[in-house]
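Chemist: Got a predicted structure plus its sequence, pasted below:
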Amino acid sequence: MKTRASAFSHRVVQAVLGSAAALVLAMLSVSAGAAPPAFGAVHPVAAPPAGWDVQATYPPPPQLSGVSCPSSALCVAVGTGTIVATTDGGMTWTSQTVPSGAVDLAAVSCGSTSDCVAVGTSPIIVTTDSGTTWSTVSLPAGVASLGAISCPSASACVAVGHESSGGAVSISTTDGGITWSTPTLPSGVTSLGGVSCGSSSDCVATGSTNGSGGSGISGALAITTADAGASWTSPTVFSGGGGLSTISCDTTSNCVAVGNRLAVSTTDGGTSWKTGRLPAGIFYLEGISCGSTRDCVAVGSYNVSPAGIGITTTNAGATWKNRTLPSGLIPDGISCASPSDCVAVGSASAAITVDGGDAWATETVPGNVAALAGISCASTSDCVAVGSDNSDSAVALRTTDGGAVWSYRTLKSSVNAVSAVSCGSTTDCMAVGSGTIITTTNGGTSWKSRTLPGGPPFLTGISCPSTSDCVAVGYTVNMVYGYSSGVVITTTDGGKVWSTQTVPGASTDLAAVSCATTMDCVAVGGDETGPGASTGVAVATTDGGVAWAAQMVPAGIFTLDGVSCASTSDCVAVGDDSSERDGAIVATTDAGTTWTSQTTPSGVANLNGASCGSTSVCEAVGLNQSDPAGGTIIGSTVVFAPRT
């Protein structure tokens, strides 16, 4: 059987779809006046046909490696099987369709606001409509991968990378990426990691060269071209450092390059170079962009920690200053459309600056939030989300403007991981987790820990139909015999005092609960029936949780992980079927006396949460079989069978 501990981890890591996606999905679910929805559920933008339909699928949070901003408003970023774009300077991002076969994209360059080319280990991809559609172009023969590209115009581009044999390679196009040529590189060039073109003909590429006999890196290098990559000059080799990974040329004369413990600059197109002074401790610089001939921002990481770094120069790379990036962002790429406006990408997120790198902000998830496990919206404007930060500390986030801006607070160290939250009003919320109950009466500005009855249970779900009445569910584990049993606790005073209630079934683990009123609630979970075997369970109460009765769930259900009751009679529960591969949906119109199975759309895997905004409209979220690390949304406009 999938133990409740593993099921909880399964829901948190996979159903939430990463912190940024969790907020996006949750904000779509808000319906003023509706009962607090299960986390992650959404309401449809347009009414789907009768029955359940797949409404959207979401990939795992992307690892972005390259970005190009042809204007202060428009940017295109690429990564592993991912293309995203923004038209408002990085405030919001939308996914774009990735062409078939384009699996690993490393870099992108936009020669105009409509023309971009992206490269990697996959085929080269080209767009002429700002990324709305992309076409593929095969890599030239003998080219294994391309790690950098620069397009000074809509038609001219130069890219660099590695040959199939492991050597360095450069390719160029003069027709917008339709055809490419592969010139011969000068001797001594071992690898090329960066390229930048100050004009349609003048480019500089950077990399490294091996020592005598081909053993060991002796220095970084730069090569130049004045004919759009048709031929290259002999390399300039620099002492110190371990290679130059990236370069930015603001004009045909002015370029700044950075890499492993090294920054160099030229003002004559690469004929001569000067070495800049980097801040102490900086090793790996992966991206650079210059908004002017003097103003540049470089990003990378420290040698002693995985923290991301940003450094800026206002004197063309002679000296650099450390800047503070948002916590959790380890950037791989950066693009500056002006001396003040830059976008950095990496580690599944993007950060923007409007002051040349002095201050940075993330627009999707604030601070260093790593994962969100639950959300509750008491109105269309007011929501509270709970989860953890990059240090595994519990955090609570709050928005009062429908998700445009979020504030977050790190909870006390004594608070363990929080997995669910429910708000009875815009100010009164309760959150639960592993041996934890916390409450707030000011919308999440401050939280209080509450005492749990008995031993410390693992609480996985909570529902508060009012500011005073809440029901929380979960499980406890017998450490001697290894089995688990379900837990229900209730409060009628806003969480100050909790009472333990009796749960039917000796081995029942409860995962979620939904209360249509202060009296009527349904909880769901799984019941171990043997080694590796389980069956879905549902229990209901009509007296506020004091007494619970077991209900008959259709056969073929492995476990139920989410439930939502639109009324005292009408509920939908979701989970896994007995194959543990396909999603399962059951519904009741008689308060759980009978449950009927519903058809799950093809390709939908485990379902983890549900929310019904009315007795006819419900949404569910979970995983899609084509990408088990990604998510899916399904919706229905006819869920409950007509009453006779």
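Modeler: Received the coordinates, thanks.

Chemist: in what helix or strand does Thr535 lie?
Modeler: strand 533-541 (DSSP states H and E).

Chemist: helices or strands up against the helix or strand that comes right after that strand?
Modeler: Using DSSP H and E, the helix or strand that follows strand 533-541 in sequence is strand 549-551. Contact analysis of strand 549-551 by 3 or more C-beta pairs under 8 Å, 6 or more residues apart in numbering; DSSP states H and E lists strand 533-541 as its packing neighbours. In short, each C-beta sits where N, CA and C put it, glycine included.

Chemist: Does anything pack onto the helix or strand where Ile489 lies? Which helices or strands?
Modeler: If you go by DSSP H and E, Ile489 is part of strand 484-491. Contacts defined by 3+ C-beta pairs under 8 Å, 6+ apart place strand 484-491 against strand 458-463, strand 470-477, strand 499-501, strand 508-515, strand 521-530.

Chemist: buried sites along the shortest one?
Modeler: Translated: strand 499-501. Residues Gln501 are the ones in strand 499-501 that count as buried (16 or more other C-beta atoms under 10 Å).

Chemist: hmm, back to that, which of the helices and strands packed on strand 484-491 has the highest mean neighbour count?
Modeler: The highest average neighbour count among the helices and strands packed on strand 484-491, using mean count of other C-beta atoms under 10 Å, belongs to strand 508-515 at a mean of 29.

Chemist: Report the mean per-residue pLDDT for it.
Modeler: Across strand 508-515, pLDDT averages out at 90.

Chemist: Gly346 versus Gln63, what's the distance?
Modeler: Distance of Gln63 to Gly346, given as C-beta to C-beta, to the nearest Å: 7 Å.

Chemist: Now the common contact residues for the two.
Modeler: Here Gln63 and Gly346 share the contacting residues Asp332, scored by C-beta atoms under 8 Å, 6 or more residues apart in numbering.

Chemist: Between these two, which has more neighbouring residues?
Modeler: More crowded of Gln63 and Gly346, by other C-beta atoms under 10 Å: Gly346, with 28 against 16.

Chemist: coming back round to it: would you reformat the helices and strands packed on strand 484-491 as TSV and include distance to Leu278?
Modeler: Shown next, in TSV, are those (distance: least, C-beta to C-beta, whole Å):
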stretch	distance to Leu278
strand 458-463	48
strand 470-477	51
strand 499-501	60
strand 508-515	51
strand 521-530	55
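
Chemist: quick one on the thing from earlier: list the strands paired with the strand holding Ile489, with their directions.
Modeler: Note on strand 484-491: by DSSP bridges, its sheet partners are strand 470-477 (antiparallel), strand 499-501 (antiparallel).

Chemist: Domain map for this structure?
Modeler: 4-60+366-636, 64-347 (automatic domain parsing).

Chemist: Residues contacting the strand holding Thr535, please?
Modeler: Residues outside strand 533-541 that contact it (C-beta under 8 Å, 6+ apart): 1-2, 471, 486, 503-505, 508, 510, 519-529, 547-551, 553, 555, 557-560, 563, 573, 575, 584, 586, 591-592, 595.

Chemist: quick one on the thing from earlier: weakest of the domains of the chain by average pLDDT?
Modeler: Mean pLDDT across these is lowest at domain 4-60+366-636; the value there is a mean of 75.

Chemist: gap between it and the chain center?
Modeler: Mean C-alpha position of domain 4-60+366-636 versus that of the full chain (C-alpha atoms, centre = their mean, to the nearest Å) differs by 20 Å.

Chemist: do stretch 100-113 as well
Modeler: Stretch 100-113 has its C-alpha centroid displaced from the chain centroid by 19 Å (C-alpha atoms, centre = their mean).

Chemist: how long is it end to end?
Modeler: Stretch 100-113 has its terminal residues 24 Å apart, counting by C-alpha to C-alpha, to the nearest Å.

Chemist: can you check stretch 168-188 too?
Modeler: End-to-end distance for stretch 168-188, by C-alpha to C-alpha: 10 Å.

Chemist: from what I can see Asp469 touches Thr492, true?
Modeler: Yes. Between Asp469 and Thr492 a contact is recorded at 5.5 Å, counting by C-beta atoms under 8 Å.

Chemist: and those two? which has more neighbours close in?
Modeler: When neighbours are counted by other C-beta under 10 Å, Asp469 and Thr492 differ, and Asp469 comes out ahead with 22 against 16.

Chemist: what about the nearest residue to the more buried one once chain neighbours are set aside, neighbour count?
Modeler: Nearest non-adjacent residue to Asp469, counting by C-beta to C-beta, 6 or more residues apart in numbering: Thr518, 4.3 Å away. Neighbours of Thr518 under the rule other C-beta under 10 Å: 18.

Chemist: cool, Ser579 as well?
Modeler: By the measure other C-beta under 10 Å, the count of residues near Ser579 is 10.

Chemist: Where do the strands of the stretch 301-450 of the chain begin and end?
Modeler: 308-313, 321-323, 333-336, 342-346, 349-353, 361-362, 369-377, 383-389, 394-399, 407-410, 418-423, 429-433, 436-440, 448-449 (DSSP state E, counting those that start in this stretch).

Chemist: what's the helix or strand containing Ile247 in contact with?
Modeler: Element membership of Ile247, judged by DSSP H and E, is strand 244-249. By C-beta under 8 Å, 6+ apart, the residues outside strand 244-249 that reach it are 148, 150, 193-198, 202-208, 220-222, 238, 255-260, 262, 264, 284-290, 296, 298.

Chemist: quick one: the helices in this protein?
Modeler: Ranges of helices in the chain, per DSSP state H, are 4-10, 18-28.

Chemist: Just the CA trace of the strand holding Thr535, in PDB.
Modeler: C-alpha atoms of strand 533-541 as PDB (Å, rounded to 0.1, in the frame of the first residue of the first chain):
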ATOM      1  CA  ALA A 533      -3.100  -3.600  -1.500                       C
ATOM      2  CA  SER A 534      -5.500  -0.800  -0.500                       C
ATOM      3  CA  THR A 535      -9.000   0.300  -1.200                       C
ATOM      4  CA  GLY A 536     -10.500   3.800  -1.200                       C
ATOM      5  CA  VAL A 537     -12.500   4.900   1.800                       C
ATOM      6  CA  ALA A 538     -15.000   7.600   2.600                       C
ATOM      7  CA  VAL A 539     -16.500   8.500   6.000                       C
ATOM      8  CA  ALA A 540     -19.100  11.200   6.800                       C
ATOM      9  CA  THR A 541     -20.500  13.100   9.700                       C
END
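
Chemist: and it, which strands flank it?
Modeler: Counting by DSSP bridges, strand 533-541 is paired with strand 521-530 (antiparallel), strand 549-551 (antiparallel).

Chemist: Skip the chain neighbours and tell me the closest residue to Thr113.
Modeler: Pro70 is the one closest to Thr113 (C-beta to C-beta, 6+ apart), at 4.9 Å.
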